[in-house]
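A.B. asks: quick one: sequence plus predicted model below, questions after.
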Amino acid sequence: MDVAGSGDCAAQGAAFSRHRVPQNINSLTLAMGELKRVYQDLKVRVERDEKLQKMMCTPEADAWFSSVEDMEKEVNQLLAKIDLEIQKKCLGSCCLTNCRPSYKLGKMIREKAAAVAELQSRADHFYKVAVPSIRPAVDDSEMPMKKPGALDLLLDKVLRLLDDENEYDVLIWVDVSHSVVMEKVQEQILSKLDVPDYKWYYMTLEEKAVEIYNVLKTKKCLLFLDDMRHPLHLLQVGIPLPDNQNKSKVVLTTRSRDVCLQMKVQKMVQVECLGEEEAFALFLSQVGEDTLNSHPEILRLAKIVAQHCNGLPLALVTAGRAMAGKRNLQDWERVEQQPKGNQSISSGKEEGVFKVLKLSYDGLGDENIQSCFLYCSLFPDEICCDQLVELWIGEGFVGEFDHIHEARNQGGDIIRHLQARSLLLNGMSEKYVRMHDLVRDFALHIASKSQWKKQFVVQKKQVEMIKADQVEKWKEAQRISLWDCSVAELKESPSFLNLETVMVSCKLMSFPSGLFGYMPIIRVLNLSKNFELIELPMEVDRLASLQYLNLSYTQIVKLPNQLEKLSKLRCLILDEMHLLRVLPRQLISKLSSLQLFSIFNSMVAHGDCKVLLKELECLTNLTEISISLKRAPPTHALFNSYKLRRSIRRLSLQDCTGMTFVQLSPHVEMLEISACSELRFVKISAEKEGPCDMVHQNLPSHQYFCNLREVEIVLCSRLSNLTWLAHAQNLVSLVVRNCQSLDEVIGEEGGVSEIEQDLVVFSRLKTLHLWSLPKLKSICGRPLPFPSLREFNVRFCPSLRKLPFDSHTSTIKNLKKIKGEKEWWDGLVWEDQNSAKNSLSPYFVPVLL
């Protein structure tokens, strides 16, 4: 028996050596070659910037360069060792004595290849001394011109006051109202300067300031700082002080004269509200002709309602939208006869705004939608729409549903409804929304004037430490949100009998003892982005009514066993917890009410998650999962479970050696795949229980990936095409990097030719990034309209000589920029040289090598 077993081992080892070791050696050699190319590219840039701009390399980048040099030595030593083994003629034989060393060498090769790939991925984070490209002329698309109100008129007035020809190299509009932290102001500026996120994401405030300063110091810049509430030190942000040499200008808007004085502005201009005619015209434009013409008296009443707005654009737009569609004369008369507002609210112009906002608030009708609106006042900054909907689910504002997907759709409808009434504004991207500060003040006023239990406590960064006696005053509060402040140790445990919501985002390492002791009806506990929080209070098990718990971006290492007693918990979110290593066994399986579970980009998901997946499979109410998995075994366990497979919303796969394909359900919205060297294709999974590779015969092809919106694929060396993405009709973002074998994105065979004729590929795609794809020859074999494309970025794709654009491409409607090497752009072959290239050339931004 022993001899037979040894013989089997030897045969298997020899087979592994013959077939896998050469393949792994080749992968390691290619990966090291790619790393050296990136190293050399960055080294040249650093040396150039140090010489020409007197910049210096960051310590992080220096450390990375050293790591690459050390890695090259280690790889060379390993390859030399392998050569020695080959010379001994052991790798290709069945020699029993050398089978185990051969296997170990193969394992060392795979581990070293993964280390090389990881080191290359760090390059983006450590390199900062690049010269970003800036549009050569003023681009008014950066201004929020689509915001309703008399922004056009006010902007014209401001530009006339500048008394110049407005010939600026760069124009930047920054909304400072919700950027209470200097870092967020810097991030807005860096984003407008087209400096990629990965170059500044890990920088300190000082490093970001240097980056901004070095870009702007040689430019004639016009910078708008909109809605400033506090003074801002320009040099600390990185903004060069305007002078006669650079001829730059900084324009700020504020409601505070003190801000102007402390900023030492050279010229103060009192911007008056709209005149009566302008205000009435703006109001009528929001109401609409159909409503105005529905009764002869409405026009007269409309003028009275508009006068309540006191010329404030926000009030005019909000009131106009609230009255749009109201054709009943009694509705207009009721508004006209409303009593004057309570003087305790405000006075003068703001009183008129509050009165108008009350009109729009009452018009929401549904009590749940009104609650959703008031809830938004708990956030002093912009908020992610997905997180907002998840909070509403935890609060019970969203109606009954069988699947979380239905709740998300309902929440999205509510957000759009509030936006349509100007009660919510767009954030810095489509994923975020925010409240105007006057609207927030109004919402907090409404909450405080409701029943006594409706009190909202919103504490922003105004005090460093909240004392115990102040906490004592919050005993009657319904909702508490604390931002960028600390809570003193409580000598006695206060009783919060009416408290339903707690949101804390502060620099806390732990919570005051006893804080959670008496919260019998709390439903939502959001502790995300407490970056120094290392543990939960022991009394967390006393939160028996808790339905939503978010611990994302904390430093917690282990979840306490006491969480298993939260039998009503519906949403558990553990994203970006990079130190989380322990989930107690049977903890998750005991959360019987759990419907949403998210553990995206957290450390614990990098281990063997098969036990976690089995516990998730036991939860009968679970309908949504977001998870990051590392290595193939837990990934296969996920794909082999019908219940788990169809519950995935966001999925990240990394280093899954041996995995040749990925199965997705139509519910997946985000997919990230990294360092899966043997991955060859992606396919749709069954929508009913059965064989895992079966597609439901009644599912139309255009619905295969109907919810997929974001895809990122990195370091998948066997992947030859992404033709399956032709069926992802709602795809918004596609990033593909370092895939050595990829020769086409949408292939001619097996995809496009078999799709319905009316299927428009990439019709909603907004960003397309293709990076380090040496064999890529085609994005698509036929021209595509790309009606939504905004940013197209191509780097290190020497074989891509033709783009899927022609004279009929409608891209120019939304396109912001095409980025790539100038040599690559000049060498492209066009179907219609005169039309297509001429129409797209103005959007091309060359990238300096």
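C.D. replies: Looks like it came in fine. Here the structure is a predicted model, which means the values were calculated and not measured. Numbering: from 1, shown residues only.
A.B. asks: from here on, contacts and neighbour counts on C-alpha atoms
C.D. replies: OK.
A.B. asks: can you get me a residue count around residue 813?
C.D. replies: 12 (other C-alpha atoms under 10 Å).
A.B. asks: can you check residue 243 too?
C.D. replies: Residue 243, neighbours per other C-alpha under 10 Å, totals 9.
A.B. asks: check which helix or strand residue 481 maps to.
C.D. replies: strand 479-483 (DSSP states H and E).
A.B. asks: the stretch 451-600 of the chain: strands as residue ranges?
C.D. replies: Counting by DSSP state E, counting those that start in this stretch, the stretch 451-600 of the chain has strands at residues 456-459, 465-466, 479-483, 486-487, 501-505, 524-526, 548-550, 571-573, 596-599.
A.B. asks: what about the fourth one, average pLDDT?
C.D. replies: Yep, that's strand 486-487 we're talking about. Taken as a whole, strand 486-487 has an average pLDDT of 71.
A.B. asks: partners of that strand, with directions?
C.D. replies: Note on strand 486-487: by DSSP bridges, its sheet partners are strand 465-466 (parallel).
A.B. asks: the last one too?
C.D. replies: Partner strands and pairing direction for strand 596-599 (DSSP bridges) are strand 571-573 (parallel), strand 624-630 (parallel).
A.B. asks: can you give me the helices in the stretch 351-500 of the chain?
C.D. replies: With helices called from DSSP state H, counting those that start in this stretch, the stretch 351-500 of the chain shows them at 367-375, 385-395, 404-420, 437-449, 468-472.
A.B. asks: quick one, which of those helices is nearest to residue 64?
C.D. replies: For the helices of the stretch 351-500 of the chain, the distance to residue 64 is smallest for helix 385-395, at 35.1 Å, taking C-alpha to C-alpha.
A.B. asks: who's in contact with the closest residue to residue 799 other than its chain neighbours?
C.D. replies: Residue nearest to residue 799 in three dimensions, not counting chain neighbours: residue 777, with 5.2 Å by C-alpha to C-alpha, 6 or more residues apart in numbering. Under the criterion of C-alpha atoms under 8 Å, 6 or more residues apart in numbering, the neighbours of residue 777 are 743, 744, 799, 800, 801, 802.
A.B. asks: any idea how far residue 601 lies from residue 553?
C.D. replies: 10 Å (C-alpha to C-alpha, to the nearest Å).
A.B. asks: shared neighbours, these two?
C.D. replies: 575, 576, 577, 578.
A.B. asks: residue 560 contacts residue 584, correct?
C.D. replies: Yes. Using C-alpha atoms under 8 Å, residue 560 is in contact with residue 584, at 7.5 Å.
A.B. asks: the more surrounded of these two?
C.D. replies: residue 560 (18 against 15).
A.B. asks: can you tell me how far the more buried one sits from residue 493?
C.D. replies: As for residue 560, its distance to residue 493 is 21 Å (criterion: C-alpha to C-alpha).
A.B. asks: again, but for residue 796
C.D. replies: 61 Å.
A.B. asks: also residue 639?
C.D. replies: From residue 639 to residue 493 the distance is 47 Å (C-alpha to C-alpha).
A.B. asks: for these two, indicate the residue with more neighbours.
C.D. replies: residue 639 (19 against 16).
A.B. asks: excluding chain neighbours, what is closest to that one?
C.D. replies: Using C-alpha to C-alpha, 6+ apart, the closest residue to residue 639 is residue 645 (5.7 Å).
A.B. asks: now residue 817
C.D. replies: residue 843 (4.6 Å).
A.B. asks: ok, residue 67 next?
C.D. replies: Residue 67 sits nearest to residue 119 (C-alpha to C-alpha, 6+ apart), 7.9 Å away.
A.B. asks: over to residue 704?
C.D. replies: residue 666 (5.5 Å).
A.B. asks: surely the one you found and residue 727 touch.
C.D. replies: No. Here residue 666 lies out of contact with residue 727, judged by C-alpha under 8 Å, at a distance of 10.4 Å.
A.B. asks: about what we covered before: distance to residue 278 and mean neighbour count added to the strands of the stretch 451-600 of the chain, as TSV?
C.D. replies: Listed next are these as TSV, based on distance: least, C-alpha to C-alpha, whole Å; neighbours: other C-alpha atoms under 10 Å:
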stretch	distance to residue 278	mean neighbour count
strand 456-459	36	20
strand 465-466	46	14
strand 479-483	39	21
strand 486-487	47	18
strand 501-505	42	20
strand 524-526	44	23
strand 548-550	47	23
strand 571-573	48	23
strand 596-599	49	22
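A.B. asks: still on that earlier bit, any idea which of the strands paired with strand 596-599 has the lowest pLDDT on average?
C.D. replies: Averaging pLDDT over each of these puts strand 624-630 lowest, since it has a mean of 94.
A.B. asks: correct me, but residue 274 touches residue 315?
C.D. replies: No. The pair residue 274 and residue 315 fails to qualify as a contact (C-alpha under 8 Å) at a distance of 11.4 Å.
A.B. asks: direction included, what does the helix or strand in which residue 663 is found pair up with?
C.D. replies: If you go by DSSP H and E, residue 663 is part of strand 661-664. Counting by DSSP bridges, the strands paired with strand 661-664 are strand 681-684 (parallel).
A.B. asks: the partner strand - what's its average pLDDT?
C.D. replies: pLDDT averaged over strand 681-684 gives 81.
A.B. asks: and stretch 618-628, C-alpha only, in PDB?
C.D. replies: C-alpha atoms of stretch 618-628 as PDB (Å, rounded to 0.1, in the frame of the first residue of the first chain):
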ATOM      1  CA  CYS A 618     -28.600  28.600   6.000                       C
ATOM      2  CA  LEU A 619     -30.300  32.100   6.200                       C
ATOM      3  CA  THR A 620     -33.700  31.800   4.600                       C
ATOM      4  CA  ASN A 621     -34.400  35.500   4.400                       C
ATOM      5  CA  LEU A 622     -31.000  36.500   2.800                       C
ATOM      6  CA  THR A 623     -31.400  37.900  -0.700                       C
ATOM      7  CA  GLU A 624     -28.300  40.100  -1.200                       C
ATOM      8  CA  ILE A 625     -24.600  39.400  -0.700                       C
ATOM      9  CA  SER A 626     -21.600  41.500  -1.500                       C
ATOM     10  CA  ILE A 627     -18.300  39.700  -0.900                       C
ATOM     11  CA  SER A 628     -14.600  39.500  -1.800                       C
END
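A.B. asks: good, wrapping up.
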